[in-house]
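Colleague: show me how the following folds:
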Amino acid sequence: MEKLEKRKLYVLGDIHGNFSIVKYYSATNNLTNTDIIQVGDFGIGFYQNDLEKIKKLNKSLSLDNNHLYIIRGNHDDPSWFESRHLEFSHTSFLKDYTLLKLDIGNVFCVGGAISIDRQYRMRNELGYWSNELFKLYPHLIPSAENEKIDIVITHTAPTYCFPIGVNSFVKTFADHDPTLLSELQQERELVDRLFDLIKEKGHEIKSHYYGHFHDSNTDYINNIKHRVLGVDEFLEVV
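Modeller: Numbering: from 1, shown residues only. Below you'll find the model as predicted:
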């Protein structure tokens with residue numbers, strides 16, 4: 001019997017509603033039998049025709065047996081990641097703390113983050129969901145004895161990952177949002193704790209991919225590769 005070729009894995013940065021870029025990258029890279037994980041800020045929930053767009057995207061993915069997995073960003077309607085009836089053959093909106101068992105290994109996915117533009121979006125009714133933030137649920141992290149985690153994908157990142165602190169652009173939003181800076185710090189400290197718990201539960205993860213910060217950078221910290229993806233960045237996981 002002919003041995004089936006293992007499926008490759010790619011990660012995709014924040015796309016903010018640019019759904020067609022998935023089809024573009026699939027075509028230009030001649031992808032077939034490939035898994036793609038989008039790291040959040042997919043941009044779902046802002047337009048009434050989102051469902052039709054996803055149906056078309058799903059059909060395109062199905063032609064080459066590619067599968068798109070999407071984690072929850074702060075520019076995503078959380079209901080898309082919670083409703084069981086929103087199921088597509090080749091497109092999955094992942095619940096937080098989903099463990100994907102892929103050919104490349106087990107990938108642990110946790111979405112959510114605070115929007116620096118939340119006040120602006122609320123004032124202008126541009127789409128804002130108060131339950132956007134990252135949530136720490138220790139009981140949802142599996143023990144390495146039961147389910148080994150090889151790769152972690154989040155939307156935001158620990159405090160010790162790039163970028164460190166906040167830049168002047170973030171501070172401009174904080175001028176109109178008094179608790180923003182403290183909440184951002186607290187959230188990233190929660191992500192610190194997520195990684196502490198993953199280690200405490202016996203996992204030795206190889207790499208971590210995330211988005212949210214609209215920049216591209218790689219750091220190696222405590223034998224883990226931490227890779228932030230820029231907007232629309234597309235990268236093979238090897």
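
Colleague: going forward, measure contacts between C-alpha atoms and count neighbours the same way
Modeller: Noted.

Colleague: can you report how many residues lie near the residue nearest to Asp77 when sequence neighbours are not counted?
Modeller: Sequence neighbours aside, Gly45 is the residue nearest to Asp77 in space, at 4.9 Å (criterion: Cα to Cα, 6 or more residues apart in numbering). Gly45 is flanked by 18 other residues according to other Cα atoms under 10 Å.

Colleague: next: the one 4 residues further on.
Modeller: Burial of Asn49, expressed as a neighbour count using other Cα under 10 Å, amounts to 9.

Colleague: quick check: closest non-adjacent residue to Asp117.
Modeller: Phe173 is the one closest to Asp117 (Cα to Cα, 6+ apart), at 6.4 Å.

Colleague: is it true that that neighbour lies in a helix?
Modeller: Yes. Under DSSP: H, G, I helix; E, B strand; the rest coil, Phe173 falls within a helix.

Colleague: any idea of the pLDDT on the most centrally placed residue in the chain?
Modeller: Nearest to the mean C-alpha position of the chain, counting by Cα atoms, centre = their mean, stands Val39 at 2.4 Å. On pLDDT, Val39 comes in at 98.

Colleague: and Leu86, by the same measure?
Modeller: 70.

Colleague: in which helix or strand does the nearest residue to His16 once chain neighbours are set aside reside?
Modeller: Leaving out its chain neighbours, the residue that sits closest to His16 by Cα to Cα, 6+ apart is Gly43, at 4.2 Å. For Gly43, there is no host helix or strand (DSSP states H and E).

Colleague: residues contacting Gly43?
Modeller: By Cα atoms under 8 Å, 6 or more residues apart in numbering, the residues touching Gly43 are Ile15, His16, Gly17, Asn18, His75, Asp76.

Colleague: one more time with 7 Å
Modeller: Contact analysis of Gly43 by Cα atoms under 7 Å, 6 or more residues apart in numbering lists Ile15, His16, Gly17, His75, Asp76.

Colleague: what does the longest helix anywhere in the chain contact?
Modeller: For the chain, the longest helix by residue count, based on DSSP state H, is helix 180-200. By Cα under 7 Å, 6+ apart, the residues outside helix 180-200 that reach it are Ile114, Phe134, Leu136, Ile141, Ala157, Pro158, Thr159, Ala174.

Colleague: I'm done for today, thanks for sticking with me.
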